[in-house]
Each structure stands twice: as structure tokens, then as C-alpha cells.
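Undergrad: Just to be clear, the model below is a prediction. Sequence and coordinates:
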Amino acid sequence: MVAQSSSATTNLLAGSYGQAVERFLTYLRVERNASDFTLKSYREDLIALAEFLAGESGPWPAPSQIAAADLRAYVSAMHDADYAKSTIARRLASLRSFFRFGQREQWSDGNPAKALRNPRKARKLPHFLTTDEIGRLLAAPAGSDAASIRDRAILEVMYSAGLRVGELVGLVDGDLDFAEGLVRVRGKGKRERLAPIGSYAMRALKQWLRVRVLAKAVKPGDAAPLFVSRLGRKLTTRSVARMIEKHLAAAGLDRRTTPHTLRHSFATHLLDRGADIRSVQELLGHKSLVTTQIYTHVSTASLRAVYEKAHPRSR
């Protein structure tokens, strides 16, 4: 079992290992302006390693004597003790920083923690809405006032094009191409993509733009923000998130649902209906196909649930 920090050892008063740790903590505090909480975490992580290597009552090792094999044994012991993967990853990050500092201070010839890999985190399947639930959400802003018309357009466009909230608020009038049914989207890393928008979203957008002009909320033009507040100001990501949360509650949808759920639902529904994964990758603006592949797991899980519920001999 991995040794835990004890009150008898938290002062780090003796030995070359303790002295090295204290110098490292001073460096973090003075040069990196680390918080007290961060310093406490590093101290505890480094003490835990020393206690493991020393055993029940042995002396703490000199930092220069610690090898990669010692650290692999330590990681293995943490796995055996059922430590959370996040805890193991944090401790490894502490050790990498500590031995990197040791190289700089020349009390360590190398970084024995450098080659150690963090435990692979289990990826949580993204939550998504069914097509019926999406329909309820899109129908939630049911009024005929400008705010309801705008909110319907926002929801339709986000779901139709699979947009992030940040991408939506960045849209300007010049990004729309009604003739081709496309919208230019500026995604992460300033990468641009053209996203198709469906007929429902097109109708909702046209209705919103008519209302926006009548309200004189903003002067039309290529650089004009597409979606604005009643005062004509560009919407923020937080204001859109609050709006969506309001309509999610009104539609009585799962409390796990977030604005990003519309994007998850967009990708999942496309794959469920036969879209190929590379096309979905392009539509989402993912740089790597690996990021998009999580949705294949969602679709498979959904199909499995339907099969087990419907097939008479599935169990």
C-alpha cells in the first residue's frame, strides 16, 4: 500500500531529499508565484513519494538516487491501492516538475519521471437529446415578441450547424450566405469552416433579421453582429448560455443538458442517420478525427439500448 503523508514528516527538516524539496517549493513560491494551495499539493505529493521509497522506517533517498524504475514501482503501487486516475496524474506532474528543477539545479542528472505516462482517463460519453427532445427545446420560445423570435433563431442555428456558443456569438451578417444555405464559422484556433444550415434555421433567421431591422436594434452591414440584445449589443457567451438554460428548463429537459448538448445532439443524429464520420468531423470543425470518434460510441450505445429494449431474445 502507498504510504500517506504523516505529521511526523511534513516539515521536511532533514536529508538531501527534504532540502531539495524545500528549494523547489521556494522556487515555486518566489519565481512562479504559486499559491499556498499549490505549494501544499506539491509538498504532499513529494512527501508521499519519499515515504513510499523509504518504506516503514527507512531513510528518505537522495534525489539523485531515484530512478525511473523506482517511480514505475510507485505508480504501480498507486494503481494497486485504487488511487483515482486524476490523483496519479497530478502526482506524476508534480514529480516531473520537481526533477526538471533538479536538472536545472544540477542535483539530478536526468528526469526519471519524464518517460512515465499518465493513466488514460476514461472518456465520458457526451449527453445528447433525442430528436423529440430537440423538438421540444426548439419549440420552447413560443412567443411572437422579438426576444422569442431571436431565441428560436439561435437554437435553430446552433442545432442546424452544430455550433459552439462562442462560435454563434461571433457570427456577423457577412457570414451568412442565404443563396447557398451556408454560414461561415470561426472556430477554435481561428480555424474557419463553412457550415450548412437547414431550411428551418433559414426561416428562423430571416424572421429574426426582419424583427431586428424593425426594432432598429442594430444597423445592418457585413460587420454587424448577427444576434444582439434588445439594446442592440452583441450577445456574450454567458447571456446565450443563460437563455438556453431558461428554455431547457421550460421544456423540462434533463438537468445534465447544457448549451453544448445541441452540438453533441447534432453530431449524434447525423451519425445515426448514416453520415460518414469524416463528414461529421468537417462539419464540427474538429482538427483530429479522434475527437469526433466519441460520437460513434454514442451512436453504438444508443443502438444497443434500442436493440436490448426491442428484441425479444436480446437477454
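TA: Good, I have the coordinates.
Undergrad: Distance of the closest residue to residue 91 other than its chain neighbours relative to residue 111?
TA: Leaving aside its sequence neighbours, residue 91 sits nearest to residue 45 (CB to CB, 6 or more residues apart in numbering; 4.7 Å). C-beta: built from backbone N, CA, C; applies to glycine. Using CB to CB, to the nearest Å, we find residue 45 at a distance of 16 Å from residue 111.
Undergrad: Please spell out which residues along the helix or strand encompassing residue 281 are buried.
TA: Assigned by DSSP states H and E, residue 281 belongs to helix 277-284. Neighbour-count burial for helix 277-284 flags 277, 280, 281, 283, 284 (criterion: 16 or more other CB atoms under 10 Å).
Undergrad: who's in contact with residue 117?
TA: When the contact criterion is CB atoms under 8 Å, 6 or more residues apart in numbering, residue 117 has no partners at all.
Undergrad: how close does residue 37 get to residue 29?
TA: Distance of residue 37 to residue 29, computed by CB to CB: 12 Å.
Undergrad: of these two, who's got more company?
TA: The neighbour comparison of residue 37 against residue 29 (other CB atoms under 10 Å) goes to residue 29, with 14 against 8.
Undergrad: Helix or strand for that one, just tell me which one.
TA: Applying DSSP H and E as the criterion places residue 29 in helix 15-30.
Undergrad: by contact count, what packs against the helix or strand that that helix is followed by?
TA: Going down the chain from helix 15-30, the next helix or strand is helix 36-54, by DSSP H and E. For helix 36-54, the elements it packs on are helix 15-30, helix 68-80, helix 85-105, judged by 3 or more CB pairs under 8 Å, 6 or more residues apart in numbering; DSSP states H and E.
Undergrad: Could you pull out the buried residues of the second one?
TA: Neighbour-count burial for helix 68-80, with 16+ other CB under 10 Å as criterion, is recorded at 71, 74, 75, 78.
Undergrad: same check, this time on stretch 115-131
TA: Residues 116, 119, 126, 128, 129 are the ones in stretch 115-131 that count as buried (16+ other CB under 10 Å).
Undergrad: Count residues in the vicinity of residue 46, would you?
TA: Residue 46, neighbours per other CB under 10 Å, totals 24.
Undergrad: quick one on the thing from earlier: dump the buried residues of stretch 115-131 into TSV; add pLDDT and distance to residue 161 as well.
TA: Below are the buried residues of stretch 115-131 laid out as TSV (pLDDT from 0 to 100; distance: CB to CB, whole Å):
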residue	pLDDT	distance to residue 161
116	83	42
119	77	36
126	75	17
128	86	16
129	88	16
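Undergrad: Could you grab the helix/strand/coil label for residue 193?
TA: Following DSSP: H, G, I helix; E, B strand; the rest coil, we place residue 193 in the strand state.
Undergrad: isn't it right up against residue 187?
TA: Yes. Counting by CB atoms under 8 Å, residue 193 touches residue 187, with 6.2 Å between them.
Undergrad: Can you work out which residues contact both of those two?
TA: Contact criterion CB under 8 Å, 6+ apart; residues shared by residue 193 and residue 187: residue 285.
Undergrad: which residues are contacting stretch 165-173?
TA: Counting by CB under 8 Å, 6+ apart, 154, 157-158, 183, 185-187, 220-227, 234-237, 240-241, 244, 259-260 sit against stretch 165-173.
Undergrad: Please check those and keep the buried ones.
TA: Buried subset of these (neighbour count, 16+ other CB under 10 Å): 154, 157-158, 183, 185-187, 224-227, 234-235, 240, 244, 259-260.
Undergrad: buried set for the helix holding residue 29?
TA: Buried, per 16+ other CB under 10 Å, within helix 15-30: 15, 17, 18, 20, 21, 24, 25, 28.
Undergrad: so where's the chain uncertain?
TA: 1-14, 56-58, 121-125, 297-307, 310-315 (pLDDT under 70).
Undergrad: hmm, back to that, please name every helix or strand in contact with the helix holding residue 29.
TA: The contact analysis (3+ CB pairs under 8 Å, 6+ apart) places helix 15-30 against helix 36-54, helix 85-105.
Undergrad: buried stuff in the last one?
TA: Residues of helix 85-105 classed as buried under the neighbour-count rule (16+ other CB under 10 Å) are 88-89, 91-92, 94-102.
Undergrad: and it, what does it pack onto?
TA: Counting by 3+ CB pairs under 8 Å, 6+ apart, helix 85-105 packs on helix 15-30, helix 36-54, helix 68-80.
Undergrad: any idea how far residue 37 lies from residue 48?
TA: 17 Å.
Undergrad: Then residue 241?
TA: 39 Å.
Undergrad: Among the contacts of stretch 165-173, which lie within helices?
TA: Secondary structure from DSSP state H places 154, 157, 158, 237, 240, 241, 244 of those in helices.
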